[in-house]
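[1] sharing a sequence plus its predicted fold:
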Amino acid sequence: MSTEEILVRTVKLGKNFCLYFVELECDALCKEKTLHRFLRNVNSQLLVVRPDLNLAAFEDVTDQEMRCGQGMHFTIHCYKTTTPSAGMPVAFSVQVEDKSYYLCCEKECGEMLVRFREGEVPKEMPGESNIIFFKKTFTPCCSGAFKFEYSLEEGMFLAFEQEGYLRKLILKKLSRKDEVDETMKITLSKFSQNESLKLS
């Protein structure tokens, strides 16, 4: 017996009090709200995007760099969903100078890579998209931190990987569902009042 959920709507009450249903299609993703946040790893480093170097990495930054916010003031676009158990669908964008970039995943030479592409995040998406991640609580006892699962590949999460002195943003596969991988732990911290005013 399948455990798949099917969305239905009551159509009418027929003869002999038989109830008729119609199967509903899954809704397209529609933007519900946006949040402005820094993304921090387990070492309290901030995610910084440098499109000119085709690089996104967690770094130690100064207070002055945080106030400037170049490549680190993220907009998290939250979408409505009909399957909340999968997690909240979100997309990420970031402003660098006068351009907007969105986070996406692309396959190159058989490997899934994280990329930031110039452009805007759409308000609606008709179906699957390589920019959507499911926001999930990192662990039941750590509700202030999250992990972000790539919507097109179950078990693949945003994480960081040490490469020389860099902690690069990558996609990483969990070997087991119950595995706790600290490289996937991301906290969302608000900008200060002054930084928020700069964004508006």
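    It's in.
[2] give me the phi and psi for Glu154.
    phi -60, psi 140 (degrees, to the nearest 10).
[3] then Pro84?
    phi -60, psi -20.
[4] okay, now it: neighbour count?
    If you count neighbours by other CB atoms under 10 Å, Pro84 ends up with 10. For every residue, glycine as well, the C-beta is placed using N, CA and C.
[5] do the same with the one 4 residues further on
    The local packing of Met88 (other CB under 10 Å) involves 17 other residues.
[6] ok, it to Glu65 distance?
    In this view, Met88 and Glu65 are 29 Å apart by CB to CB, to the nearest Å.
[7] next: Leu29.
    For Leu29, the distance to Glu65 (CB to CB) stands at 33 Å.
[8] of those two, which one has the most company?
    Of the pair Leu29 and Glu65, Leu29 is the one with more neighbours under other CB under 10 Å, namely 23 against 15.
[9] I figured the more buried one was touching Pro89, is that so?
    Yes: assessed by CB atoms under 8 Å, Leu29 is found in contact with Pro89 at 5.7 Å.
[10] what is in contact with the two at once?
    Between them, Leu29 and Pro89 share these contacting residues under CB atoms under 8 Å, 6 or more residues apart in numbering: 79, 81, 132.
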